[in-house]
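Engineer: pasted the sequence and its predicted model underneath.
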Amino acid sequence: KAGVTQTPRYLIKTRGQQVTLSCSPISGHRSVSWYQQTPGQGLQFLFEYFSETQRNKGNFPGRFSGRQFSNSRSEMNVSTLELGDSALYLCASSLDGQGAAGYTFGSGTRLTVV
Amino acid sequence: GEDVEQSLFLSVREGDSSVINCTYTDSSSTYLYWYKQEPGAGLQLLTYIFSNMDMKQDQRLTVLLNKKDKHLSLRIADTQTGDSAIYFCADSDTGRRALTFGSGTRLQVQP
């Protein structure tokens, strides 16, 4: 079956702009979570969605937001981009977010802010 | 808050066994995971263990869990050059619904 699809793979944006990233989970998976990976901070949890509801949020400013659609696809948005937002953004798909069957990650979107 | 720690680097020779160690602090951790990341790629789930288990074996991979000491290890038997990557330990609990990752261990396999 198809894996987790993240688009686009690469993005270059200018400071102050906003960006939207997309994630399509594995068919049948209803939980989508997002992580930011940077060399300095490592992998950090952004938020988790299940059935279109955000159930958990990490410690990130309000410029980071997300949503989930009825088909379980998810988008995350970052507004007023800062240089420090340059990172690999990873999306993880799971059946119910409880972790029993593990989390499957996509290949990520590499965002560069200039 | 929760914390997961790993050593940063491990170098082994091809054919040897590799052991990557991890410690965690959250007593309510339900599952513990090992992920592999190759350059330019996302995270590949290698294996995971439920917190009430001591050991899990999956082909060349053996996971050992010492819940008392909150210590997790991943043993890779007969390590190959294709195993060169960064290995992340992570934990989660059903309430948090999020993974807390270690900083990753870079495994270098010398031919």
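Structural biologist: Nice, thanks for sending it over. Residues are numbered from 1 along each chain as shown, chains lettered A, B, ... in the order given.
Engineer: please count neighbours and contacts with C-alpha atoms only from this point.
Structural biologist: Noted.
Engineer: got the contact list for stretch B:100-111?
Structural biologist: A:42-45, B:2-14, B:20, B:22, B:79-81, B:83-92 (Cα atoms under 8 Å, 6 or more residues apart in numbering or on different chains).
Engineer: please redo it, this time with the cut-off set to 6 Å
Structural biologist: Here stretch B:100-111 makes contact (Cα atoms under 6 Å, 6 or more residues apart in numbering or on different chains) with A:42, B:4-14, B:81, B:84-91.
Engineer: all strands of the chain, in order?
Structural biologist: All of this is about chain A. A:5-7, A:10-13, A:19-24, A:31-38, A:42-50, A:53-57, A:64-68, A:74-78, A:87-94, A:104-105, A:109-113 (DSSP state E).
Engineer: my bad, the chain I had in mind was chain B
Structural biologist: Using DSSP E, the strands of chain B run over B:4-6, B:9-13, B:18-24, B:31-37, B:43-50, B:55-58, B:61-66, B:71-76, B:85-92, B:100-101, B:105-110.
Engineer: partners of the shortest one, with directions?
Structural biologist: According to DSSP bridges, strand B:100-101 has the following sheet partners: strand B:85-92 (antiparallel).
Engineer: which residues touch the partner strand?
Structural biologist: Applying Cα under 6 Å, 6+ apart, the contact partners of strand B:85-92 are B:29-38, B:98-102, B:104-107.
Engineer: for stretch A:37-51, same thing?
Structural biologist: Contact partners of stretch A:37-51, identified using Cα under 6 Å, 6+ apart, comprise A:30-36, A:54-58, A:87-88, B:103.
Engineer: contacts only, for whichever residue of chain B sits closest to chain A.
Structural biologist: At 4.0 Å from chain A, B:Gly42 is the closest residue in chain B, using Cα to the nearest Cα. With Cα under 6 Å, 6+ apart as the criterion, the residues that contact B:Gly42 are A:Gly106, A:Ser107, A:Gly108.
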